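Colleague: Give me coordinates for this.
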Amino acid sequence: MSDTTAPPGLERALRASLTQLRSFEAVVRLGGVGRAARALHLAQPTVSMQMKELAAALGLVLFEPRGRGLVPTPVAERLAQAVRAMGAAWQAFEDDAADLQGLRRGRLRIAAVTTTEYFLPDLLGPFARQYPGIEIELAVENRASVVARLQRGDDELAAMMLPPTHLPLARWPFLENPLVLIAPAGHPLAARRRLKLADLVTEPLLAREAGSGTRAAAEQAFSEQGVDWPPRMALGSNEAVKHAVRAGLGLAVLSRHTLAADPASEGLAVLPVAGFPLRRHWQLVWRNDRALSLPARTLLDDLRARLHVRARPAT
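Modeller: Reported below is the predicted structural model:
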């Protein structure tokens, strides 16, 4: 006689819906109901109701008030870990299914820092057209968020300039990333044929937000040259920095990939500063303590075949 008993814990887990668990994990990860609702494109009262229904279904206190917000209880932290483990197990199943179907179906999750939005979609396009059954989820966020996603194992691949050193990562430098100093078109410094970094420090410096890879690379270069040039203003996107430079608010270091082929068409000028461009590389990274799925391996092979001439050793 066959055993019709469900696996241990499964019946209790089925008291909670996948929708509730997804919302719950987002609330814990993002630190609030409002942030989770925005990320999931749901109304905040909907997420609040899901949290109440989940707590009632499980018979657990999941959040406690603190100040004007809520913090997860210890049992909620454990539940969040269990939900992420369930997600990882389901991803492993999808990867195995994709392997069995030979790339006819599957999913590939990629995280990328914001500057890559200027070129990464073009690099992914040929792969997406060749394998239309592979669903590509591309999360474009700042470096700190991409590092956090790598830490949690949310994605198989990540594209960034400065990978973290505290995680077990394999790295492939796939594209050069020259960092340049820019000024408004027509700025007196743009007419100079050669400049030293020390010539610029009387000008206001604009920068990306703290934690940005571009900002970290620029600050490292300034330090190596013994130049103290703190930013006057920090902005949250490359386009915001370009607008501010064009408006005459200061100079900035940005990736050359963020600029038009002719920067003057955007009202900008690349300054001829000694030591610039800073020669850096975009890198694709992945956790080397986890097996890559067939879609991820195939994408890497595809990019290596198309970019082998441009790829350079890591610096």
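
Colleague: List the buried residues in the longest strand anywhere in the chain.
Modeller: If you go by DSSP state E, the chain has its longest strand at strand 169-184. Residues of strand 169-184 classed as buried: 169, 172-177, 179-184 (neighbour count, 16 or more other C-beta atoms under 10 Å). For every residue, glycine as well, the C-beta is placed using N, CA and C.

Colleague: Would you point out the most distant pair within those residues?
Modeller: Largest separation among the buried residues of strand 169-184 by C-beta to C-beta: L169 and P184, giving 38.7 Å.

Colleague: I'd like the next helix or strand past the worst-scoring helix or strand of the chain on mean pLDDT.
Modeller: Counting by mean pLDDT, DSSP states H and E, the chain has its least confident helix or strand at helix 10-13, which shows a mean of 56. Using DSSP states H and E, the helix or strand that follows helix 10-13 in sequence is helix 18-30.

Colleague: Can you name every helix or strand that that following helix contacts?
Modeller: Here helix 18-30 touches helix 33-40, helix 44-58, helix 74-100, going by 3 or more C-beta pairs under 8 Å, 6 or more residues apart in numbering; DSSP states H and E.

Colleague: Turn those helices into a markdown table, including mean pLDDT.
Modeller: A markdown table is the format used below for the helices and strands packed on helix 18-30 (pLDDT from 0 to 100):
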| stretch | mean pLDDT |
| --- | --- |
| helix 33-40 | 88 |
| helix 44-58 | 90 |
| helix 74-100 | 81 |
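
Colleague: right, and these - which one's nearest V253?
Modeller: The nearest among the helices and strands packed on helix 18-30, by C-beta to C-beta, is helix 33-40 at 30.2 Å.

Colleague: And that closest one, how far out from the chain middle?
Modeller: Taking C-alpha atoms, centre = their mean, to the nearest Å, one finds the center of helix 33-40 at 18 Å from the center of the full chain.

Colleague: Enumerate the positions of that helix that are buried.
Modeller: In helix 33-40, counting by 16+ other C-beta under 10 Å, buried: 33, 36-37, 40.

Colleague: contact partners of it?
Modeller: 22-23, 26-27, 29-30, 42-44, 46-48, 51, 70 (C-beta atoms under 8 Å, 6 or more residues apart in numbering).

Colleague: can you dump the C-alpha coordinates of that helix into CSV?
Modeller: Once non-C-alpha atoms are left out, helix 33-40 reads as follows in CSV (Å, rounded to 0.1, in the frame of the first residue of the first chain):
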residue,chain,number,x,y,z
VAL,A,33,6.1,47.1,3.8
GLY,A,34,6.2,50.3,1.7
ARG,A,35,9.5,49.4,0.0
ALA,A,36,8.3,45.8,-0.7
ALA,A,37,5.1,47.1,-2.1
ARG,A,38,6.9,49.4,-4.5
ALA,A,39,9.3,46.6,-5.6
LEU,A,40,6.5,44.2,-6.2
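
Colleague: Hey, what's the angle from the helix or strand where V285 lies to strand 169-184? Just curious.
Modeller: Under the criterion of DSSP H and E, V285 resides in strand 278-287. If you take axes from the mean of the first three to the mean of the last three C-alpha atoms, to 10 degrees, strand 278-287 sits at 150 degrees to strand 169-184.
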